[in-house]
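> output the structure for:
(2 chains)
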Amino acid sequence: MQQVGSLLVWIVLAFLVATWIALFARRLSPQKAGTLWGIVALPVLAFGLYLGLLWAPPDVLMGEVYRIMYVHFPSWIGTGAGYLTAFVCSLLYIRSRDLRFDSWASAGAEIGLVFNATGLITGSIWGRPTWGVWWTWDPRLTWTAIMAVTFAGYLVLRALMEDPEARARASSLVAIIGFATLPIVYFSVRWWRTLHQPQSSPETVDPQMVVALRTMMLAFLLIFGYLLTRRFALAQLRAEAELAALEPDELEMEAAGD
Amino acid sequence: MTNGGYIVAAYGLTAIVLVGYLLSLWRRLTQARADLEAPDAE
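Sure, this is the predicted structure:
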């Protein structure tokens, strides 16, 4: 089973890399890439759940409750992927002023926040039996909360601004500054004495746990990809609606301005 | 709560959040497409 799992991890990883390259090279539309990722995500998720919940051995210290890890850690992979998308696409928007990058950035931020929420929820549930508390103002947890509030603020800001160009400019700055919280969250367990454990290494973890965790991480990345493309499609539809709502004379003025 | 209870709560709440978001996204997409295709009220 371990060999099958390892092989599957490499095949799915190769598939993910190939489809992302095809997407960047414009050989694959976001819609088709999202559909492919969504279809592949279902069996990978089912297999990952089987590995994590039934096949991987219990932890020596925590027993069975450590299995929350298989949904907790992949949530942070989705969070990182979402906020990284928002950061990179905000930089690309500022450089090019192309509103498509703003659509990708807003999609990444929203989905990153959804995974941020599942990461906080599962972490809190895991904290109760292992630390004895649902929440504590530990540096890792506090910075994670600050990160979530920052990107929630990004979405609130976008909802409050009507002008597409001004909204894209302001929210890009928030995403770029907000992304600085991500490395702080990552390194917080090394920089400060925290209740949260530092990052584990595959060399110090049971190989069965590594395979189960990697499978779940890939499943969450595929789900992230599916959600990202659908949220991008929504942003594009809204941009079309905003353009259609502009009066013809406003369009003429904009064209004259260009 | 037992260990099993914590595991069920963590997986269950994650599923609720992700499926809830997915359904909300599909609903918003359907609405946005309908709004674009609808004839102008004016």
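
> now do the same for the nearest residue to A:Val65 once chain neighbours are set aside: its pLDDT.
Closest residue in space to A:Val65, ignoring its immediate chain neighbours: B:Asn3 at 4.3 Å, by CB to CB, 6 or more residues apart in numbering or on different chains. Placement of C-beta: from N, CA and C, glycine included. Each residue has a pLDDT score; the one for B:Asn3 is 85.

> what's the mean pLDDT across the strand or helix carrying A:Thr229?
Remark: A:Thr229 resides in helix A:207-245, with elements defined by DSSP states H and E. Helix A:207-245 shows an average pLDDT of 94 in the prediction.

> could you do stretch B:25-34 as well?
Mean predicted lDDT for stretch B:25-34 stands at 95.

> what are the contacting residues of it?
Contacts with stretch B:25-34, where a contact means CB atoms under 8 Å, 6 or more residues apart in numbering or on different chains, come from A:227, A:230-231, A:233-234, A:237-238, A:241.

> just the CA trace of the helix or strand where A:Trp20 lies, in PDB.
Following DSSP H and E, one finds A:Trp20 within helix A:2-24. Output of helix A:2-24 as PDB, limited to C-alpha atoms (Å, rounded to 0.1, in the frame of the first residue of the first chain):
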ATOM      1  CA  GLN A   2       2.900   2.300   0.800                       C
ATOM      2  CA  GLN A   3       4.400   1.900  -2.700                       C
ATOM      3  CA  VAL A   4       1.000   2.400  -4.300                       C
ATOM      4  CA  GLY A   5       0.500   5.600  -2.200                       C
ATOM      5  CA  SER A   6       4.000   6.900  -3.000                       C
ATOM      6  CA  LEU A   7       3.500   6.200  -6.800                       C
ATOM      7  CA  LEU A   8       0.100   7.900  -6.700                       C
ATOM      8  CA  VAL A   9       1.600  11.000  -5.000                       C
ATOM      9  CA  TRP A  10       4.200  11.300  -7.700                       C
ATOM     10  CA  ILE A  11       1.700  10.800 -10.500                       C
ATOM     11  CA  VAL A  12      -0.700  13.400  -9.100                       C
ATOM     12  CA  LEU A  13       2.100  15.800  -8.500                       C
ATOM     13  CA  ALA A  14       3.300  15.400 -12.100                       C
ATOM     14  CA  PHE A  15      -0.300  15.900 -13.300                       C
ATOM     15  CA  LEU A  16      -0.600  19.100 -11.200                       C
ATOM     16  CA  VAL A  17       2.700  20.600 -12.400                       C
ATOM     17  CA  ALA A  18       1.800  19.700 -16.100                       C
ATOM     18  CA  THR A  19      -1.600  21.300 -15.900                       C
ATOM     19  CA  TRP A  20      -0.300  24.400 -14.200                       C
ATOM     20  CA  ILE A  21       2.400  24.800 -16.900                       C
ATOM     21  CA  ALA A  22      -0.300  24.300 -19.600                       C
ATOM     22  CA  LEU A  23      -2.500  26.900 -17.900                       C
ATOM     23  CA  PHE A  24       0.400  29.500 -17.800                       C
END
